[in-house]
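# Requesting a structural model of the entry that follows:
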Amino acid sequence: MDKDAIQARAVEMLLRDKRLICQWSTGVGKSLVAIRFIKENRHPGLKTLILVPETNNISNWEDEFKKFNVSLDGVAIACYASLHKYKNSEWDLLVLDEVPHINTQLKTDILSTIKAEYVLALGAVISDDEYEALINLFGTFRFSHIRLEDAIRHNLIPSPRVNIVHMSLDNTIRHLWYDGSLRTNYGVYKAIDDKLEAAKFKFNENQNEMYRIKMNRIGLERKRFLGRCKDEAIQKICRALDEKKKRYICFCSSISQAKALGGKRAFTSATPTSMKLLERFNAEEINALFVVGKLIEGQNLKDIDCGVLGQLGNSNRITIQEIGRILRSEHPIVFVPIIDNTKDNSFLTTVTDNIPKEYIKHYKF
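This next block holds a predicted model:
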């Protein structure tokens, strides 16, 4: 099994069946299925529409076309946010990059008006709901699935070294004021967790919007609290990486954490010059980015050595994509600080279920 053979097989499947989903691990070459299909089956007037999550993904696709010497003639690349401009259009090939982005009513309504002879859907993790939405829009699809674990075992992407760094919350010193009481770190966590369980119970009893918003707000509070409790460990890991002049990405739990730990290297929605910062990283003017909610999909990051998953969540898709950013290195190293006896333990399964166990080591902080 090698990338070239896998991609060639996918091109054959798309040509034969006209509907193909490639749910492939990051790094296997999903975009090359589209590019090879265009190169090998181009005829005069072939029209292709490629839909991507963000504007900066457009240049990434353009770079891939140039890299493989494939002309962009007849190819339109646009963001899902601009989908309305293509209502009622017709194409030979429609490519849905990072296909989970289609799963809103507005997008599916517009996509239902677009006609295409061939449809190629790409994504590292695609849910059952998203799969059903594709079928409702375009009919039956062939399915090609390459899990992250399989990609590592078959040497399609580099084998990582994953370091799980175990921490614990102090339950002896009351130094945090929360909800009218002076509490320990664990006491605050438990109070937030209890509130979340109560909010979930109310939502499950009566699934109205107000209860859903409250439940999500408390869940975000818990995530950010756990993130703050990891500041010392993350700072120590990143300081060691800086001293060794390693190039790395640190995924943070909040904008405030990214700013506190990364300073001018914080790459978030609040960074006004984020693309310039990315250019500086790729030009090796800086060696680290502290990221919140960005760089998850479709970004070309050059020469990364390591990555820090500062906060895990219950989204398998996001965790897999974060790990995928890091696995672009020749010898990738991943650090995952977790707090034992908290929700982190269940979130950790998104790592341990997708990375072969022989590549995972556990340490105490």
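
# how much space between the residue positioned nearest the centre of the chain and K107?
Geometric centre of the chain, nearest residue: Q321, 3.1 Å, by CA atoms, centre = their mean. Distance of Q321 to K107, computed by CB to CB, to the nearest Å: 20 Å. C-betas here are computed from N, CA, C, even on glycine.

# Ok, S168 next?
When distance is defined by CB to CB, S168 is 44 Å away from K107.

# Check P160 too.
Distance from P160 to K107, by CB to CB: 34 Å.

# just T55 next, same as before
17 Å.

# neighbour count winner among P160 and K107?
Neighbours per residue, other CB atoms under 10 Å: of P160 and K107, the larger number sits with P160, 22 against 19.

# got the phi/psi numbers for that one?
Here is the backbone geometry of P160 (degrees, to the nearest 10): phi -90, psi 170.

# just checking, it touches R328?
No: P160 is not in contact with R328 according to CB atoms under 8 Å; the separation is 10.8 Å.

# which stretches of the stretch 51-200 of the chain form helices?
55-67, 105-111, 128-138, 148-153, 185-205 (DSSP state H, counting those that start in this stretch).

# I'd say E330 and P158 touch.
Yes: using CB under 8 Å, E330 is in contact with P158, at 5.8 Å.

# if you count what's nearby, which of these two comes out ahead?
More crowded of E330 and P158, by other CB under 10 Å: P158, with 16 against 8.

# you'd agree the more buried one is up against I326?
No: P158 lies out of contact with I326 (CB under 8 Å); the separation is 9.9 Å.

# mind checking how far I173 is from D194?
21 Å.

# And the helices in the stretch 251-365 of the chain, which stretches?
Per DSSP H, counting those that start in this stretch, the stretch 251-365 of the chain carries helices over the ranges 255-262, 274-282, 316-326, 344-347, 349-352.

# Only C-alpha atoms, please: export the second one in PDB.
Taking only C-alpha atoms (Å, rounded to 0.1, in the frame of the first residue of the first chain), the coordinates of helix 274-282 have been written out as PDB:
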ATOM      1  CA  SER A 274      -2.900  36.300  11.400                       C
ATOM      2  CA  MET A 275      -1.900  35.600   7.800                       C
ATOM      3  CA  LYS A 276       1.300  37.700   8.100                       C
ATOM      4  CA  LEU A 277       2.100  35.700  11.300                       C
ATOM      5  CA  LEU A 278       1.500  32.400   9.300                       C
ATOM      6  CA  GLU A 279       3.900  33.700   6.600                       C
ATOM      7  CA  ARG A 280       6.500  34.500   9.200                       C
ATOM      8  CA  PHE A 281       6.200  31.000  10.600                       C
ATOM      9  CA  ASN A 282       6.500  29.400   7.100                       C
END
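
# That one versus helix 55-67: what angle between them?
Per axes from the mean of the first three to the mean of the last three CA atoms, to 10 degrees, the angle that helix 274-282 makes with helix 55-67 is 40 degrees.

# Can you give the distance of helix 274-282 from its chain's centre?
19 Å (CA atoms, centre = their mean, to the nearest Å).

# which strands and helices sit next to it?
Applying 3 or more CB pairs under 8 Å, 6 or more residues apart in numbering; DSSP states H and E, we find helix 274-282 packed against strand 266-267, strand 288-291.

# which one of those has the most crowded surroundings?
Among the helices and strands packed on helix 274-282, the stretch with the highest mean neighbour count (mean count of other CB atoms under 10 Å) is strand 288-291, at a mean of 26.

# Surely K361 and N163 touch.
Yes: here K361 reaches N163: they are 5.6 Å apart, a contact under CB under 8 Å.

# The two: which is more packed in?
N163 (17 against 10).

# For the helix or strand where V11 lies, list every residue counted as buried.
Per DSSP states H and E, V11 falls inside helix 3-17. Applying a neighbour-count criterion of 16 or more other CB atoms under 10 Å, the buried positions in helix 3-17 are 3, 6-7, 10-11, 13-14.
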